[in-house]
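1. Kindly generate the corresponding structure for this input.
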Amino acid sequence: MKRILIIGASSGMGRELALLYARQGDIVGVTGRRIELLEQLRNAFPRNIYYSEHDIGGIRNGEVFHDIVQRMGGLDVLIISAGVGFENNEFNWELEEQTIGVNVVGFGEMVNIGYRYFQQQRSGHIVGISSVAGIRGIDSCPAYSASKAFISNYLEAIRKKAKKEKCTIVVTDIIPGFVNTRMAKGNGLFWVASVEKAAYQIARAIEKKCTIAYITKRWRFVAYILKCLPRTIYDRI
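-> Okay, the predicted model is just below:
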């Protein structure tokens with residue numbers, strides 16, 4: 001039995017992961033902005049799930065983390081699934097600022113809090129959800145694509161830091177393609193995975209302590225093509 005905290009579990013992949021872990025008997029902490037959805041999870045698994053209303057873009061990250069971890073009786077795995085994304089062709093700064101506040105500032109603070117906790121414990125597992133969208137800059141959602149690149153690079157840096165400090169902290173970067181959640185928008189979607197399939201593959205990657213995991217696995221090939229595509233060609237797409 002593991003103790004798993006999922007930041008951003010009121011919907012999407014975070015919620016599905018919470019259900020998956022609760023069904024297999026793990027202790028699961030869940031946070032999110034929509035408390036009624038967290039209460040539904042708690043009511044479904046009253047012995048397994050602890051919840052707390054929480055906005056990762058706010059100022060209570062440390063308070064919420066330590067309170068729920070104490071109620072859970074400790075922590076083995078921290079999954080940061082909270083995130084926002086907008087199509088922003090009008091380049092509205094309010095949308096860019098909100099994205100940066102949640103996906104960069106909030107994410108970075110939660111990783112920092114989790115790392116310090118696991119550093120003292122001398123063990124733990126930090127999991128972040130980035131995106132294939134973070135491989136190249138996307139003109140229709142600049143802050144979103146940039147924030148996902150930040151997540152991947154930040155996790156890589158933390159992984160390297162833990163290794164140098166000889167801390168047994170595993171760091172996993174989950175890189176989804178299209179998953180059938182509210183975040184998936186537009187008419188050009190393909191290879192869209194169900195949230196159930198995505199959660200299953202994420203849980204498997206966590207169990208195997210993967211460094212990087214593409215969800216679903218075929219998105220590794222898309223990522224490779226995007227990385228290799230010359231800028232002169234990419235700029236015309």
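
2. Relative to A162, how far out is L155?
-> Using Cβ to Cβ, to the nearest Å, L155 is found at 11 Å from A162. All C-beta atoms are positioned from the backbone trio N, CA, C, and that covers glycine.

3. what's the helix or strand for the residue lying farthest from the centre of the chain?
-> Farthest-out residue of the chain from its mean C-alpha position, per Cα atoms, centre = their mean: T232, at 31.5 Å. Assigned by DSSP states H and E, T232 falls within helix 231-234.

4. pLDDT of that helix, averaged?
-> For helix 231-234, mean pLDDT is 90.

5. likewise stretch 148-163?
-> Rounded mean pLDDT across stretch 148-163 is 98.

6. Check what contacts it and list those residues.
-> Here stretch 148-163 makes contact (Cβ atoms under 8 Å, 6 or more residues apart in numbering) with 103-104, 107-108, 111, 115, 126, 128-131, 133-135, 137, 168-169, 171-173, 175, 211.

7. Buried residues of it, list them for me.
-> 148-152, 154-155, 158-159, 162 (16 or more other Cβ atoms under 10 Å).

8. Among these, which ones are in helices?
-> 148-152, 154-155, 158-159, 162 (DSSP state H).

9. CSV for those, including distance to A18?
-> Putting those into CSV (distance: Cβ to Cβ, whole Å) gives the following:
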residue, distance to A18
K148, 22
A149, 27
F150, 25
I151, 20
S152, 24
Y154, 24
L155, 21
I158, 23
R159, 25
A162, 26
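
10. show me where this structure has strands.
-> All strands of the chain, identified by DSSP state E, fall at 3-7, 27-32, 49-53, 77-80, 123-129, 168-176, 212-215.

11. For the residue lying closest to G137 once chain neighbours are set aside, which residues are in contact?
-> Nearest residue to G137, sequence neighbours excluded (Cβ to Cβ, 6 or more residues apart in numbering): S145, at 5.3 Å. Applying Cβ under 8 Å, 6+ apart to S145 gives the contacts 131, 133-134, 136-138.

12. in this protein, which ranges drop under the pLDDT threshold?
-> Within the chain, the stretches with pLDDT under 70 are 182-189.

13. Which stretches in it count as helices?
-> Under DSSP H, the chain gives helices at 12-23, 35-44, 61-72, 93-100, 107-121, 142-164, 195-207, 219-228, 231-234.
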